[in-house]
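1. Coordinates for the following, if possible.
(2 chains)
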Amino acid sequence: MNRYPLWKYLILIVAISLGALYALPNLFGEDPTLQISTAEGDPPDQETQQSLLRFLEEQGVPAIGAETREGQYLIRFDSVDHQMDAADLVSAKLGRGYTAAMTLTPRTPAWLRALGAEPMYLGLDLRGGVHFLLEVDVNALREQTVERHVNDFRTLLRQGRIRYGQVEPYEDLAVRVSFREAPARDEALRLLQEDFGDLEFDRDEADGNYYLIARITQDDLDEIVQFSVNQNITTLRNRVDELGVAEPVIQRQGAERIVVQLPGVQDPARAKEILGATATLEFRLVDMERYPFTGDPEAPRLPPAAELFQERDGNYVVLQRDVMMTGDRIVHAASGIDQETGGPQVNIRLSGAAGRQFNRITREHVGDLMAVVFIERQSEMVLVNDEPQREVTEVREVISVANIREPLGASFRITGLDSTQEARNLALLLRAGALAAPIDIVEERTIGPSLGAENVRQGFLAVVIGFALVVVFMAFYYRVFGLVANLALITNLVLIVAVLSLLQATLTLPGIAGIVLTVGMAVDANVLIFQRIREELHAGSSIQRAIDQGYGKALSTIADANVTTLIAAVVLFVFGTGPVQGFAVTLSIGLVTSMFTAILGTRAVINLIYGGNKRVAELKI
Amino acid sequence: MELFKREPRIDFLGKRRLGVVLSALLLLASIGSLAMQGLNLGIDFTGGTVVEVGYPEAADLGRIDGVLEDAGYGDAVTQFFGTQRDVMIRVPPRDVDESAVISEEVLAALQADSPDAELRRVEFVGPQVGRELTEQGLLAMLYALGGILVYVAFRFEYRFAIGSVAALLHDVILVLGFFSITRMQFDLTVLAAVLAIIGYSLNDTIVVFDRIRENFLKLRKAGPREVMNISINQTLSRTLITSFTTLLVVGSLMLVGGELIRGFATALLVGVLIGTYSSIYVASASALALGVTKYDLLPPEKEEDQGEGQEERP
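-> Below is the predicted model of the structure:
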């Protein structure tokens, strides 16, 4: 009685060894690291690598190791101070064209990495960083979509030489075209249907007018939203790369939202500026007849082709309503220093076709003034009847008025910016490209690096103290059986860490709490079993029978009790967000592993100690 | 070592009127407080901004209030967070809200006043997201209760399911009541703790129910009340020991786990205490009140057992 077959021991040994192996990487710790790559995402060449290491050595911040991994050149340091000094030095030495991000790299030995063993992935609340939830403004997207169809219809009808009255947005998601005669409308329908097969077309007549109504279907809109969210993700990725963040997370969440997580970012304000802004540029000619502007800005009397703008310094300037060029033709933008004045500037390069067009226009206007209009979309929440609603304002500002000294081509520069920081931000925004649809930050959670480290320390301490208290109590209360249960508890902890490492699930502060809670609850299975064994002994069962019955009878109770907790944990996972999910994950993993160790594991050890044909005088329980 | 040298014979259900009165009083106080003053909801649910700033030395809250007042944030609430060097500033959602920049403005104002002020944490939740989190939280609670109701009904019997869910509701309301009365902040992690309590308290209840089911089959002569009493007594050691070990770890979490996790740990602590009590009184007493008899629990495949107990059938 009370003997386990060999295969059960084998299962246990295999499970525990695998657990120990995959939990192992968590013991090695992390090095402060500088992660360097070129703008193209390649590691710097050998020569640069060598000269960097020599340079750092000379500057008194020696590297303790360097390697190339996944397109990154990693330089390790022995302290965060060295890492920070080195980051400044390296950025200064390499200059533009490289990104250098500060990060922590695990000290996992190569043989473990080869087995796919990595340490647990710490959430932002443990390592510090910024979490943003961004939302695509679907209303703006609808308007944009309708507006685009209005323009496309006009162009197509004009090209098809069909006489139409008006093209206008209609109802919610539709465009209405009016015609004087029915044949023109029917011809237009044929023409439009060829190009816009996805739309639902309707005919209508009223007051002697013939109408064609084209509706955008919900499916189409969904597709457009999806496309624009994807495009936004791509753009955000570019922008985040510009920020030099190691291991950023940029993911879609639901239909309209994007999660951006930037571990280790110290300056959330700058991150927000770069991620959240939608900025475009317009190049317009200054109305030279009204320059400088002398009228009343409240009631400017202007011809329809002119428009009044304000400059950054508060002055007013009248610009032509026609836009020479928009920012989306920009293929490259970089900040630099104006050689003549020493002030900041942005160098801009346009696409080939746009460059030629720009050249043609500016050639006719050499000597005139050209204005650069910076258009930024800002959104704010406004309470209307206690219901929060988003209000979007467009800020349009003239950031520079410059002489066109010569015909401009595909490359030119904007000067007259306030600071190098502003030049850098502007260049960054232009380079990363205009976003496909406006996005707003709807949630932000930033944890400073010191608080993150503190959370890790406190969480770890809570696990250790809670664990120690339980272990002491169990040993005291159940003696030999208590020690066996403690063995199971330790194994359980190792297995939880191993599964978390293997899944690379995110460990959060509530996640640690989940582990602590599992430690407290994991002994429950053993308590149930041991109480049963005691009862059996009290009832006069033989020792071997008491062990067998104890385990047997407790089993269904343990299963029932754990399944119900698991239900709660799964619900938490499905409905929870970030940190709460972390709690659900560790709780679920802990429940499953604890069943394994508390039932199978302890039984195996108890069988070894008391089982088989041994004559046992007394159970130490 | 043993908690009880012999199996205890406490007449729990005989004193169930006492339990009913106690529970009723606690429930009344909780529901009353929840109705009168509600919960002190964190920004996870209300929307708004929280900025936590660390100072090298004990901070002067009055001065910080002044700085914020000057910066146009007179409605901000400041308080120490854990130590006197950490200050938490909570800015409510505003009528016209340039929400995303509040944290920057607050931090800029504080750092202008005292350059050593260090950003520890920023949380900003938009009103829309807050409302969604509230909805999701309530839904999660309902789904958890529903799922458990179905599972227990399936594994036991519907009266037990009702009994266990009654105990869960009892626990949840009391924990919420505790947070309402103490005005401790109720945020997402506390909600997670409440759901964990649902799981935990049920764990306790199930263990008692399991034993009741077993004893209904074993103790043929005993009436339901006696069987329940015996079962509760038999599982009493286990109930107390498991609660004790859980309290050990939750206590350590509360003492050393840090300020961010304190609400969570407190909820668990209160929940474990109430859950232990409720699985004895509320769950069993409700099942008893609903008239559970052993015939409701006999597994259908054990036909021969039923034959033996035939004469007891009323």
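2. Would you indicate which residues of stretch A:585-601 are buried?
-> The neighbour-count check on stretch A:585-601 (16 or more other C-beta atoms under 10 Å in any protein chain shown) flags A:585-591, A:593-601 as buried. Heads up, the C-betas are built off the backbone N, CA and C, glycines and all.
3. how much distance is there from that stretch to the middle of the chain?
-> Relative to the chain's own centre, stretch A:585-601 is displaced by 31 Å; criterion: C-alpha atoms, centre = their mean, to the nearest Å.
4. ditto for stretch A:5-20
-> On C-alpha atoms, centre = their mean, the centre of stretch A:5-20 falls 39 Å from that of its chain.
5. So what touches it?
-> Contact with stretch A:5-20 is made by A:491, A:494-495, A:498-499, A:596, A:600-601, A:604, as judged by C-beta atoms under 8 Å, 6 or more residues apart in numbering or on different chains.
6. Those residues of the stretch 101-250 of chain A touching chain B, which are they?
-> By C-beta under 8 Å from any C-beta of the partner chain, the residues of the stretch 101-250 of chain A that approach chain B are A:125, A:133.
7. Tell me which residue in the stretch 101-250 of chain A sits closest to chain B.
-> A:L133 (6.6 Å; C-beta to the nearest C-beta).
8. Surely that residue and A:D440 touch.
-> No: contact criterion C-beta atoms under 8 Å: A:L133 and A:D440 do not qualify, at 9.7 Å.
9. Spell out which residues are contacts of both of those two.
-> Overlap between the contact sets of A:L133 and A:D440, as judged by C-beta under 8 Å, 6+ apart, is nil.
10. if we can go back for a sec, farthest-separated two in the contacts of stretch A:5-20?
-> Maximum pairwise distance in the contacts of stretch A:5-20, criterion C-beta to C-beta, is 20.1 Å, between A:V499 and A:A604.
11. Kindly indicate which of the buried residues of stretch A:585-601 lies nearest A:M370.
-> When the buried residues of stretch A:585-601 are compared for distance to A:M370 (C-beta to C-beta), A:V585 wins out at 57.1 Å.
12. close to chain B, is whichever helix or strand that closest one is part of?
-> Taking DSSP states H and E as the criterion, A:V585 maps to helix A:578-595. Yes: Helix A:578-595 is in contact with chain B by C-beta under 8 Å from any C-beta, via A:579-580, A:583-584, A:587.
13. Now the element after that helix, going C-ward?
-> Following helix A:578-595 toward the C-terminus (DSSP H and E): helix A:602-610.
14. Any residue of that following helix touching chain B?
-> No: remark: helix A:602-610 sits outside contact range of chain B, by C-beta under 8 Å from any C-beta, the gap being at least 15.4 Å.
15. Check which residues of that helix are buried.
-> Taking 16+ other C-beta under 10 Å as the neighbour-count basis, helix A:602-610 is seen to contain the buried residues A:602-607, A:609-610.
16. List of residues touching it?
-> By C-beta under 8 Å, 6+ apart, the surrounding residues in contact with helix A:602-610 are A:2-4, A:8-9, A:12, A:480-481, A:484-485, A:487-488, A:526, A:529, A:543-544, A:547, A:551, A:616, A:619.
17. Now, those residues that are in helices?
-> Judged by DSSP state H, the subset of those located in helices is A:8-9, A:12, A:480-481, A:484-485, A:487-488, A:526, A:529, A:543-544, A:547, A:551.
18. Now, of those, which are buried?
-> A:12, A:481, A:484-485, A:488, A:526, A:529, A:543-544, A:547, A:551.
19. Pull the most distant pair out of those.
-> Within these, A:L12 and A:I543 form the most distant pair, 23.2 Å apart (C-beta to C-beta).
20. lowest-pLDDT helix or strand in chain B?
-> The helix or strand of chain B with the lowest confidence, counting by mean pLDDT, DSSP states H and E, is helix B:303-308 at a mean of 43.
21. Tell me the spacing between the closest residue to A:Q531 other than its chain neighbours and A:R321.
-> Counting by C-beta to C-beta, 6 or more residues apart in numbering or on different chains, B:R238 is the residue found nearest to A:Q531 once chain neighbours are left out, at 4.6 Å. Separation of B:R238 from A:R321 (C-beta to C-beta, to the nearest Å): 82 Å.
22. likewise A:M1?
-> Separation of A:M1 from A:R321 (C-beta to C-beta) stands at 96 Å.
23. Where does the most centrally placed residue in chain B fall, secondary structure wise?
-> The C-alpha lying nearest the average C-alpha coordinate of chain B belongs to B:V194 (C-alpha atoms, centre = their mean; 3.4 Å). B:V194 is part of helix B:188-218 when elements are defined by DSSP H and E.
24. shouldn't A:I589 be in contact with A:S501?
-> No: when contacts are counted by C-beta under 8 Å, A:I589 is not listed as touching A:S501 (11.0 Å).
25. these two touch, right, A:L502 and A:Y22?
-> Yes: under the criterion of C-beta under 8 Å, A:L502 makes contact with A:Y22 at 5.1 Å.
26. More neighbours: these two, which one.
-> Under the neighbour definition other C-beta atoms under 10 Å in any protein chain shown, A:L502 and A:Y22 were set side by side, and A:Y22 has more, 24 against 17.
27. any idea how far chain B is from the more buried one?
-> In this structure, A:Y22 and chain B are 24 Å apart, going by C-beta to the nearest C-beta, to the nearest Å.
28. For that residue, what are phi and psi?
-> Backbone geometry at A:Y22, expressed as degrees, to the nearest 10, gives phi -80, psi -20.
29. for chain B, what spans make up the helices?
-> B:16-37, B:43-46, B:61-70, B:99-113, B:127-155, B:158-182, B:188-218, B:224-256, B:262-278, B:284-289, B:303-308.
30. comparing those helices, which gets the lowest mean pLDDT score?
-> Lowest mean pLDDT within the helices of chain B: helix B:303-308, a mean of 43.
31. re earlier: okay, and the common contacts of A:L502 and A:Y22?
-> With C-beta under 8 Å, 6+ apart, A:L502 and A:Y22 have common neighbours A:A117.
32. Got the domain ranges for the chain?
-> I'll assume chain A. Under the TED database, the residue ranges defining each domain of chain A are A:6-24+A:448-611, A:30-106, A:139-220, A:279-445.
33. My question was about chain B, not that one.
-> The record's domain parsing of chain B by the TED database lists B:13-40+B:130-296, B:48-125.
34. Any stretches of the stretch 451-600 of chain A with poor pLDDT?
-> Of all residues in the stretch 451-600 of chain A, those with pLDDT under 70 make up the ranges A:578-579.
35. again, only using 80
-> Per-residue confidence of the stretch 451-600 of chain A (counting by pLDDT under 80) places the weak regions at A:520-521, A:564, A:576-580.
36. Enumerate every residue touching residue 178.
-> Went with chain A since none was named. When contacts are counted by C-beta under 8 Å, 6+ apart, A:S178 is found next to A:164-166, A:209-211.
37. hm, I was asking about chain B
-> Counting by C-beta under 8 Å, 6+ apart, B:F178 touches B:30, B:184, B:267, B:270.
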